[in-house]
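1. Coordinates for the following, if possible.
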Amino acid sequence: MKIAIAEISYETDTFSPVLGTLKDFEQNGLYYDTNFLDKMKGKGEIGAFLDLVEEEGIEVELIPILRALGHSGGRIETKVLEFFEEKLVSGLKKALPLDGIFLALHGAASTEKLDDMEGYLLSVIRNVVGPKLPIVVVLDHHANITKQMIELADLMVGFETQPHKPYETGKKAARLFFSLLKDEFTPTVSWQKIPIIVSIHERLNTAEGEAIKEWFDLARELEKKSGVISISNFPMQPWLDVKEAGLSTLVYTDNKPEFARELAAKLANKAWELRERFYLDSDRLSPEEAIKHAVEAKEGPILLSDPADDVLAGAPGDSTYLLKEMLRQKIACIALIPMYDPEVYHQAVQAGIGSEITVKVGGKSDSIFSKPVQVTGKVTGISSGYEVTFMKGGKQCFPLDIQHGTIVLEVGSIKLLISESRYMAGIYPNIYYHFGIEPAKAKIIIMKTGTYFQYYESIMKELVLVDCPGVSQADLTQFEWARAPRPIYPIDKDKMDSWEADPSVKN
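-> Residues are numbered from 1 along each chain as shown. Below you'll find the model as predicted:
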């Protein structure tokens, strides 16, 4: 038995001005024309697939085709898509004949010319391997399900939780993949597109977000029914202005098409029933209130999340709203702020450790919601990958492959973590240890994301979500929607009195 494996993951924010380039994938893991599977063991969807093969002693020849991890950003450059297409086609042609293909995709990637990159890549794969070869796909639950994806994949399985558990979902998909190869079931699909977009980060936590948890719990309950193969709900990446935008639910049964349609309609109607609860008032504070609250807190660190500049949702990571407010309030406590700014990074490196420089920082990618702020500070740390120098003693820890440059610029009590990579967004405390900085001693820690706070749980005293403007902000009415189907909730909620899924629709 011979199986091809590939992973291409990227989440698009169509409102973000930062195009996805090949460098974005190179920084995070781009492998081809080589056996990259050893690098994937125990990690994510592919690692789970490999572990299952080993654990169950499955005799199979695994053919690695392509692995490209790019996280999030604006639309992907056309030449990057062409690169992926060439690698997939050449790799698959060399691998033929095959017994199946296991894919890990995100599901919400768009290019400069295409809304649905995953659907297009599936068509590229089908053109090489034909219509009958089994293809199973693991998707992020923020995927935007399209008709083309449904038609070209035999089975698609989405993440079941937020925060995500890619490994667990990969194991589930891998088991279904090998069952499919053994003809143990005949996948029959039904899916529903739901005219809703959910943008509030805290409402998408399946462990705590009341409405989203109820929707996902129903999917798990229905999945236990006899004859059901897999059920996935997809809240979709909300900042995705594309022709087939909207929440989706996806049901696979064992050759029971009417049953699949019934369950898909039930889940779709449940999402519509919950629509207002997806948007209950959140406890976000304005930048002014958030900084004042953190400064006045008895003890820190106070973790301030800036979801509107969420690099994991495609934002640039260079919003200056919170920095500007700290400077305006003339804070005296220690504050840690990550900032994407390659220009300032190179200026600091040229000036050298201990130098005082005056620079305009941040606000250079997004000219609509943010502007650069001029600061004068001292360069106290420079890192170019694993090599790091800093002015004060400390310990060095390396949780990631730090393949890009980062510097620390101290502006009074504010320590700016300035990087040439958008993804150095303060998510991991160890990046501060890398520079000899102890995060637990800071009063304020800024994160350029609306999720993944768990890495600071042992030290933070409070989490505060801040309501800033930005390309991943909660208020979807502030964007100009040009391609999404209308009406759609909540953008057109005043025009939407009712909606109901049609269980008779045959997909």
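
2. how deep is R277 tucked in, by neighbour count?
-> When counting by other C-beta atoms under 10 Å, one arrives at 14 neighbours for R277. Where you see a C-beta, it was placed from the backbone N, CA and C, and this is true even at glycine.

3. ignore the last one, A308
-> For A308, the count of nearby residues is 28 (other C-beta under 10 Å).

4. Setting the sequence-adjacent residues aside, check what's closest to it.
-> G470 (2.9 Å; C-beta to C-beta, 6 or more residues apart in numbering).

5. what's the one you found sitting at in phi/psi?
-> phi 160, psi 170 (degrees, to the nearest 10).

6. surely it meets G363?
-> No - taking C-beta atoms under 8 Å as the definition, G470 is not a contact partner of G363, at 10.9 Å.

7. Between these two, which has more neighbouring residues?
-> G470 (27 against 21).

8. Check what pLDDT the more buried one gets.
-> G470 carries a pLDDT value of 94.

9. What of G385?
-> 56.

10. Okay, D306 and M236: tell me how far apart.
-> 22 Å (C-beta to C-beta, to the nearest Å).

11. more crowded one of these two?
-> More crowded of D306 and M236, by other C-beta under 10 Å: D306, with 30 against 27.

12. in the protein, which helix or strand is least confident?
-> Sorting the helices and strands of the chain by mean pLDDT, DSSP states H and E puts strand 387-390 at the bottom, at a mean of 52.

13. what helix or strand does M236 sit in?
-> Using DSSP states H and E, M236 maps to neither a helix nor a strand.

14. Test my guess that it contacts L250.
-> No - with contact defined as C-beta under 8 Å, M236 does not reach L250; the gap is 12.0 Å.

15. Checking F216 next. Helix, strand or coil?
-> helix (DSSP: H, G, I helix; E, B strand; the rest coil).

16. So it is in contact with F234, correct?
-> No - applying C-beta under 8 Å as the test, F216 and F234 come out as separate, 10.6 Å apart.

17. For this structure, give me the ranges with low pLDDT.
-> Filtered on pLDDT under 70, the chain yields the residue ranges 201-204, 207-209, 281-282, 385-403, 506-507.

18. Got the domain ranges for it?
-> 1-184, 188-282+480-507, 287-473 (automatic domain parsing).

19. Figure out the length between the terminal residues of the first one.
-> Looking back up the chat, that one is domain 1-184. Distance across domain 1-184, first residue to last, is 16 Å (C-alpha to C-alpha, to the nearest Å).

20. Then the longest one?
-> Distance across domain 287-473, first residue to last, is 13 Å (C-alpha to C-alpha).

21. Any idea how far it is from the middle of the chain?
-> 20 Å (C-alpha atoms, centre = their mean, to the nearest Å).

22. what separates the residue nearest to A308 from L323, distance-wise?
-> Taken as C-beta to C-beta, the span from G470 to L323 is 13 Å.

23. Can you check which residues contact both of these two?
-> Residues touching both G470 and L323 (C-beta atoms under 8 Å, 6 or more residues apart in numbering): none.

24. picking up where we left off before, other residues contacting the next helix or strand after the least confident helix or strand of the chain?
-> Next helix or strand after strand 387-390 toward the C-terminus (DSSP H and E): strand 405-411. Strand 405-411 is touched from outside by 327, 344-346, 348-349, 357, 359, 361, 375-385, 390, 415-421, 424, 431, 435, 437, with contacts defined as C-beta under 8 Å, 6+ apart.

25. Next, count neighbours for P97.
-> 7.

26. Any buried residues in stretch 98-115, and which?
-> 98, 100-111, 114-115 (16 or more other C-beta atoms under 10 Å).

27. my bad, should have said stretch 60-75
-> Buried, per 16+ other C-beta under 10 Å, within stretch 60-75: 62-75.

28. Dump those residues to JSON lines, plus distance to I3 and secondary structure.
-> JSON lines is the format used below for those (distance: C-beta to C-beta, whole Å; DSSP: H, G, I helix; E, B strand; the rest coil):
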{"residue": "L62", "distance to I3": "6", "secondary structure": "strand"}
{"residue": "I63", "distance to I3": "7", "secondary structure": "strand"}
{"residue": "P64", "distance to I3": "10", "secondary structure": "strand"}
{"residue": "I65", "distance to I3": "10", "secondary structure": "strand"}
{"residue": "L66", "distance to I3": "14", "secondary structure": "strand"}
{"residue": "R67", "distance to I3": "15", "secondary structure": "strand"}
{"residue": "A68", "distance to I3": "19", "secondary structure": "strand"}
{"residue": "L69", "distance to I3": "20", "secondary structure": "strand"}
{"residue": "G70", "distance to I3": "24", "secondary structure": "strand"}
{"residue": "H71", "distance to I3": "26", "secondary structure": "strand"}
{"residue": "S72", "distance to I3": "29", "secondary structure": "strand"}
{"residue": "G73", "distance to I3": "31", "secondary structure": "strand"}
{"residue": "G74", "distance to I3": "34", "secondary structure": "coil"}
{"residue": "R75", "distance to I3": "32", "secondary structure": "coil"}
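
29. what about L409, how many neighbours?
-> When neighbours are counted by other C-beta under 10 Å, L409 comes out with 29.

30. Renumber starting at 7 from here on
-> Yes, from this point I'll number from 7; that puts the last item at L415.

31. Okay, and the beta partners of it?
-> Listed by DSSP bridges, the beta-bridge partners for L415 are V385, L422.
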